[in-house]
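Peer 1: after the sequence you'll find the predicted model.
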Amino acid sequence: MKKRLLLLPIALLLVALVGVPTVSASHVAPESGLGNPTCDGYKIDPVESGTYHFGGAWFTIDVYQSANGPEFNWSSNYVVTSLTVKGGPAYNLYIYNPGVTSDTGLHSPTNYKNPHHYWYGLSHLCFEASKKDEPKK
C-alpha cells in the first residue's frame, strides 16, 4: 500500500514535467483515390492561407511551397476525424483516429504524369469534424 501511495506523487510529477498529450497529428499517411468524393463536412475551396469560419467552427490553413509541390498545415477549434485533399483527378484521404485539432505537411496526390512526380495543386479540402465536447460517432 505504501508503494502505491509513493507512486502517485511520482506520476503527478511526470505529468507536470512532460505535460498532457495534445490532440494533434503529424504526417498521417493518406489513402489515395480517384474521382471527386462528395463533401458532407466543411469545404474550403479554393485552398488559400487564412482562417475560414463556419458558424461556430473555424479552420486555419497555412499553404506553402515545398520541393514536391504545395503543402499545408491546419488547425481548428473542432475535432477532425478525416480530411479529404482534392487535387487533379484524385484525392488524398487523411483519417484521424482518434480525432485531432491540427496536422502538418499535408498535400494532394502525386501526379505521376509529371516527370518529377510532383504533387497536384490543391483544388479543395473537406473536413469531417465535430465540436470538441461532442461524443464521436
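Peer 2: Thanks, I have the structure now.

Peer 1: who does the one helix or strand Val79 maps to touch, helix- and strand-wise?
Peer 2: If you go by DSSP states H and E, Val79 is part of strand 69-87. Using 3 or more Cβ pairs under 8 Å, 6 or more residues apart in numbering; DSSP states H and E as the contact criterion, the elements in contact with strand 69-87 are strand 57-66, strand 90-106, strand 124-131. Backbone N, C-alpha and C define where each C-beta goes, glycine included.

Peer 1: His116: which of those strands is closest?
Peer 2: Across the helices and strands packed on strand 69-87, His116 has its closest neighbour in strand 57-66 (12.4 Å, Cβ to Cβ).

Peer 1: which residues touch the closest one?
Peer 2: 42, 44, 47-52, 70-78, 107, 122, 125, 127, 129, 131 (Cβ atoms under 8 Å, 6 or more residues apart in numbering).

Peer 1: output it as PDB - backbone C-alpha positions only.
Peer 2: The C-alpha coordinates for strand 57-66 follow below in PDB (Å, rounded to 0.1, in the frame of the first residue of the first chain):
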ATOM      1  CA  ALA A  57     -16.300  26.100 -36.400                       C
ATOM      2  CA  TRP A  58     -13.100  27.600 -37.600                       C
ATOM      3  CA  PHE A  59     -10.200  26.200 -39.600                       C
ATOM      4  CA  THR A  60      -6.900  27.900 -40.100                       C
ATOM      5  CA  ILE A  61      -4.900  26.900 -43.200                       C
ATOM      6  CA  ASP A  62      -1.200  27.700 -43.900                       C
ATOM      7  CA  VAL A  63      -0.300  26.900 -47.500                       C
ATOM      8  CA  TYR A  64       3.400  26.800 -48.500                       C
ATOM      9  CA  GLN A  65       5.500  25.600 -51.400                       C
ATOM     10  CA  SER A  66       7.700  22.500 -50.800                       C
END
